[in-house]
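**Q** what's the 3D shape of this:
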Amino acid sequence: MGPMLLAFALAVLAWMLVLGDLVRRHRPAWHWYLTGYPLTACRVVFTWRKVALLNDLAVSRRPPRGLLGDLMVKGDPLRPVAPRASFPRATRMGLTVTVRLHAGQTPATYMAAADALMHAWKVHAVRVTSPERGLVLLTATATDPLQRPGLATAPTALLSALIGALESGGAWVMNLRLVPHWLIAGATRSGKSTLLARLITQLAPQPVALVGIDCKGGMELGLFAGRLSSLATCRREAVAILSALVVDMQDRMSACRTAGVRSIWELPDTLRPVPVVVIVDEIAELYLSDGTRESKAEADQCSTLLLRLAQLGAALGVHLVVAGQRVGSDLGPGATALRAQLGGRICHRVNDPGTAEMTLGDLNKDAVAVAQAITAEERGVAVCTGPDGGWSRARSHLTPTEEAVATARKHAAMTPDLPALGRALAALEGDDK
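**A** Next up is the predicted model:
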């Protein structure tokens, strides 16, 4: 019986290993709850005090002192006390631990210890947030949720685009009705162009006008020219188009004033003008000047016109999506003023810390550090802001260029006609002749 029982036990163990591997690959959440979470929770509980002591998270209590006659009697030596931590609470692919801060402690100490916690708990990452004063929330993720993001679903709405997946597993949505203007930063091959292609494919089937400004000769946005109501391929054309949009925006103001409303969305459907989304690829091309008077005048015009559209366009259905490899204060005060009007921020991997700081620094310093940690292998990964003012890591869905071009051509018949923009470009061509 002994050999038979041993063989049976080995067979059961082999089936358990095979079944466990199948569950891990096809049902990772189940595998996490059944095996990953219990093991990680034990690591958190048994290593917490040691990690807290090694990373200056503990506070030493002053020893008691007593006076016996004229003799000072000291108590025990200094005794470090680790902060009180809750029992790890399981999430879908990770866990959370709530820590109560000692008096005088700040969340910055825990942010500095995040890497040490990650290695001690053997997880992919540990995120540190402070949900309320005196508390720190440690959020551990078992694996990188953006390595193979699933195609999330989101309700379709006008001016809303499903871009990708958030680190939390939810849908990454750019809703221009909630956040009307966006700034997108990213170095070459970081995923910025893929994100713009995804945005265009999502907006193409909707009754909106898409206007492109691509001063690199239209190399990027020119691929979608069939769905664009207008396309500027140089700064002179950009000035003409932006000027026409400002005039159109003033007409929209007059229509709202006549109807006694404060937004085009309060107008009846028959009177409401078509929403316009202006997509600017490589913002630096609009602000840089070669030193000549004409070049500087064009740059100043672009700066002023973009700022006017950003300040007044939200209620009038004019939205900006501004992208660039480098966004820094060296582009001039106009770029800094425009940045303040672009409430939505997306930062891919960048080549210089200044661009990450310019994109996210005025919103959250922690987001800047996370954005600078994005590696070249993480194409499409970015740090994005949400409508609630928070931020998250996210990854855009890969949209091949061929698919994006085919989608733009498919919906080319839906392209709204903006006569003012056409007349502006025609007048510019007439001047050249």
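**Q** Helices along the chain, start to end?
**A** Listed in chain order, the helices found in the chain under DSSP state H are 2-26, 28-31, 37-54, 107-112, 114-121, 192-203, 235-259, 284-287, 293-312, 333-341, 353-360, 365-372, 401-410, 419-432.
**Q** most packed of those helices?
**A** Across the helices of the chain, averaging neighbours per residue (mean count of other Cβ atoms under 10 Å) puts helix 192-203 on top, at a mean of 24. Every C-beta, even on glycine, is put in place using the N, C-alpha and C of the backbone.
**Q** Could you tell me the angle between that one and helix 401-410?
**A** Helix 192-203 and helix 401-410 are oriented at 30 degrees to each other (axes from the mean of the first three to the mean of the last three Cα atoms, to 10 degrees).
**Q** on contacts alone, who are the packing partners of helix 192-203?
**A** On a contact count with 3 or more Cβ pairs under 8 Å, 6 or more residues apart in numbering; DSSP states H and E, helix 192-203 meets strand 160-166, strand 182-185, strand 276-281, strand 318-324, strand 391-396, helix 401-410.
**Q** how does it look with 6 Å?
**A** Applying 3 or more Cβ pairs under 6 Å, 6 or more residues apart in numbering; DSSP states H and E, one finds that helix 192-203 contacts strand 160-166, strand 391-396, helix 401-410.
**Q** Among the ones you listed, which comes closest to Val51?
**A** Nearest of the helices and strands packed on helix 192-203 to Val51, taken as Cβ to Cβ: strand 391-396 at 23.6 Å.
**Q** Could I have the CA atoms of the closest one written out in PDB?
**A** Output in PDB follows, covering the C-alpha atoms of strand 391-396 (Å, rounded to 0.1, in the frame of the first residue of the first chain):
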ATOM      1  CA  TRP A 391      -3.600  60.800 -10.900                       C
ATOM      2  CA  SER A 392      -2.800  57.300 -12.100                       C
ATOM      3  CA  ARG A 393      -0.500  55.200 -14.200                       C
ATOM      4  CA  ALA A 394      -2.200  54.100 -17.400                       C
ATOM      5  CA  ARG A 395      -1.500  52.500 -20.800                       C
ATOM      6  CA  SER A 396      -3.100  53.400 -24.100                       C
END
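**Q** Describe which strands it pairs with in its sheet and in which direction.
**A** With DSSP bridges as the test, strand 391-396 is paired with strand 160-166 (antiparallel), strand 381-385 (antiparallel).
**Q** quick one: contacts of it?
**A** 146, 149, 163-167, 172, 191, 194-195, 198, 364, 367, 380-385 (Cβ atoms under 6 Å, 6 or more residues apart in numbering).
**Q** Buried only: go through those residues for me.
**A** 146, 149, 163-167, 172, 191, 194-195, 198, 364, 367, 380-385 (16 or more other Cβ atoms under 10 Å).
**Q** For Ala244, which of the strands paired with strand 391-396 is the nearest?
**A** In terms of Cβ to Cβ, the element of the strands paired with strand 391-396 nearest to Ala244 is strand 160-166, at 24.8 Å.
**Q** now that closest one: how far from the chain's centre is it?
**A** Centre-to-centre, strand 160-166 and its host chain are 10 Å apart (Cα atoms, centre = their mean, to the nearest Å).
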